[in-house]
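Participant: Sequence first, predicted model second:
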Amino acid sequence: MLKDRSLKKWAPFIMPEHKGLINNAFKESEKVKKPILDKYQIQEINTILVSSIQDQIEVKLTLWFDGFYEEIQPVLITKVDPYTRRLFVLYKDTHQHFSFDALVDVSLL
């Protein structure tokens, strides 16, 4: 049976520019599309955000940035601004803000 070494056999011939292009292509192939939230999911996120603000409960945020998911925890919600569509949080003793559009999921800790 023939065993192919794939890119290993061509490694000495790959230029640094090509290596960067291959890495970028691999990273692009791992991206996922932004999920579309239905009415029920939006209502559930809203309920958790409101209870987090009122009771000062820490939550876990799942955000979508440029094709990749990022989970941030523990987060304390400080303010929700519906006019600028921003969520203001306290994370690791620093104040940060995120767009509503990046928010994919919220869960209580």
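Facilitator: Everything's here; your move.
Participant: could you pull out the strands for this protein?
Facilitator: Listed from the start of the chain, the chain has strands (DSSP state E) covering 58-65, 68-81, 86-91, 94-99, 103-108.
Participant: can I get the ones you listed in TSV with mean neighbour count?
Facilitator: C-betas here are computed from N, CA, C, even on glycine. Supplementary listing: those in TSV, determined by neighbours: other CB atoms under 10 Å:
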stretch	mean neighbour count
strand 58-65	17
strand 68-81	14
strand 86-91	17
strand 94-99	12
strand 103-108	16
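Participant: Generate a markdown table for those, with distance to His18 and mean pLDDT as supplementary columns.
Facilitator: Putting the strands of the chain into a markdown table (distance: least, CB to CB, whole Å; pLDDT from 0 to 100) gives the following:
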| stretch | distance to His18 | mean pLDDT |
| --- | --- | --- |
| strand 58-65 | 27 | 94 |
| strand 68-81 | 24 | 93 |
| strand 86-91 | 39 | 94 |
| strand 94-99 | 36 | 94 |
| strand 103-108 | 35 | 94 |
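Participant: I'd like the ones you listed as a markdown table, with distance to Pro16 appended.
Facilitator: As requested, the strands of the chain are arranged in a markdown table below (distance: least, CB to CB, whole Å):
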| stretch | distance to Pro16 |
| --- | --- |
| strand 58-65 | 28 |
| strand 68-81 | 25 |
| strand 86-91 | 37 |
| strand 94-99 | 36 |
| strand 103-108 | 36 |
